[in-house]
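> curious how this folds, go ahead:
(one chain, ligands or ions: 1)
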Amino acid sequence: MTRNDTRNADDGDEQRTNSSGTAVSEPTAGSEATSGSLLDSSLDVEGGSVPAGADTVIEARDIDVFYDDAQALQGVDIEIPENGVTALIGPSGCGKSTFLRTINRMNDLIDAARVEGELRFEGKNVYDDDVDPVALRRKIGMVFQTPNPFPKSIRDNVAFGLDVQEKDVDVDETVRTALERAALLEEVEDQLDSSGLDLSGGQQQRLCIARAIAPDPDVILMDEPASALDPIATSKIEDLIEDLAEEYTVVIVTHNMQQAARISDKTAVFLTGGELVEFDDTDKIFQNPEHERVEDYITGKFG
Ligand SMILES: Nc1ncnc2c1ncn2[C@@H]1O[C@H](COP(=O)(O)OP(=O)(O)OP(=O)(O)O)[C@@H](O)[C@H]1O
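You can find the predicted model right below:
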């Protein structure tokens, strides 16, 4: 079964992408979402949730994505299991980031983007009219390529998503727990009031991971989270991802095939044209893929 839905905090936080597709977060006043529910509470609907298939937390059915008239993804079908790490790999421009953003409706924030098909999260199509994208993004957090802490204290960065939630949440305790889960608490516990911008790049990325996990999501999406980091910081992030995957479902886009092979349990290979060509256990993909095009990509013949 999926993780308990009742523990999610209301971050009241709408994320927007800038022109390069990098997300920034802005507070959104007055979200109607009920904590722990994907449903837009302004719509009077009954249930609407279909039970998820065993152990499948995210299921895409025939997903097409267009940017204006250009098709970026074609007929993507995938069932991502609960917990563990699922890596999305493939050559540049094949639609990995587009697919990641489809999962928590970040593509909604790109005017040119249009999504067709169904994306089920815990059995519910997240594109149904009664789903509140803000509530969805609380349950499906996201970490981006470039660490993007706010110009605020470390504490306020992590607590940012908790500002408008119910009063009985102990913010300090939640911040400490999130920092601990993000393997950062030990390094910053004496400087929680210092600016998040004063941390190193690797620490900033772990701060962003702490911010993403503070509302206690079920899924964490990561778009090349270590590509801007040096090897030591990268190694810490990889260790952290493996730890997080014991408790969360982690879906990671990476250009780095060694990284995918090291840390993921499942690997999805997207190829040019926005097709998901093969999805299987990571060992199988790297040792004995079914498709010749995947083997060519893995062995470096193209891409
Ligand atoms: N905001 C956007 N507006 C218009 N087209 C876009 C946008 N974002 C992506 N695209 C296009 O969609 C296609 C897929 O891009 P996407 O970034 O998803 O691929 P990717 O596999 O993640 O690439 P990379 O590995 O280089 O990051 C590309 O042709 C890209 O130019």
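
> show me the shaky parts of this structure.
The model of the chain has pLDDT under 70 over residues 1-54, 163-168, 302-303.

> within range of the ligand, give me the residues from it.
Within reach of the ligand by CB under 6 Å from any ligand atom, the chain has these residues: 21, 67, 72, 90, 92-98, 110, 112, 255. The way it works is simple: take the backbone N, C-alpha and C, and place the C-beta from them, glycine included.

> of these, just say which sits nearest to Asp223.
For the residues of the chain next to the ligand, the closest approach to Asp223 (CB to CB) belongs to Ser97, at 5.5 Å.

> ok, the closest residue to Gly201 other than its chain neighbours - contacts?
For Gly201, ignoring the flanking residues on the chain, the nearest one in space by CB to CB, 6 or more residues apart in numbering is Leu229 at 5.5 Å. Contacts here follow CB atoms under 8 Å, 6 or more residues apart in numbering; on that basis Leu229 touches 201-202, 205, 237.

> neighbour count and secondary structure added to those residues, as CSV?
What follows is the contacts of Leu229, written out as CSV (neighbours: other CB atoms under 10 Å; DSSP: H, G, I helix; E, B strand; the rest coil):
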residue, neighbour count, secondary structure
Gly201, 14, helix
Gly202, 22, helix
Gln205, 30, helix
Ile237, 23, helix
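
> out of those residues, which is nearest to Asp132?
Using CB to CB, the contacts of Leu229 come closest to Asp132 at Gln205, 27.9 Å.

> hmm, that closest one is touching Glu224, no?
No: with contact defined as CB atoms under 8 Å, Gln205 does not reach Glu224; the gap is 10.8 Å.

> my read: Leu199 touches Leu179, true?
No: the criterion here is CB under 8 Å, and Leu199 misses it with Leu179 at 11.4 Å.

> phi, psi for Arg137 please.
Backbone torsions of Arg137, given as degrees, to the nearest 10, read phi -70, psi -20.

> tell me the spacing between it and Leu100.
Distance from Arg137 to Leu100, counting by CB to CB, to the nearest Å: 12 Å.

> hey, what's in contact with both of those two?
Counting by CB under 8 Å, 6+ apart, the common neighbours of Arg137 and Leu100 are Met106.

> I'd like the residues of the chain next to the ligand written out as a markdown table, with neighbour count and secondary structure added.
Shown next, in a markdown table, are the residues of the chain next to the ligand (neighbours: other CB under 10 Å; three-state DSSP):
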| residue | neighbour count | secondary structure |
| --- | --- | --- |
| Gly21 | 16 | coil |
| Tyr67 | 14 | strand |
| Ala72 | 21 | strand |
| Gly90 | 24 | coil |
| Ser92 | 8 | coil |
| Gly93 | 13 | coil |
| Cys94 | 24 | coil |
| Gly95 | 24 | coil |
| Lys96 | 26 | helix |
| Ser97 | 20 | helix |
| Thr98 | 25 | helix |
| Ile110 | 16 | coil |
| Ala112 | 10 | coil |
| His255 | 15 | coil |
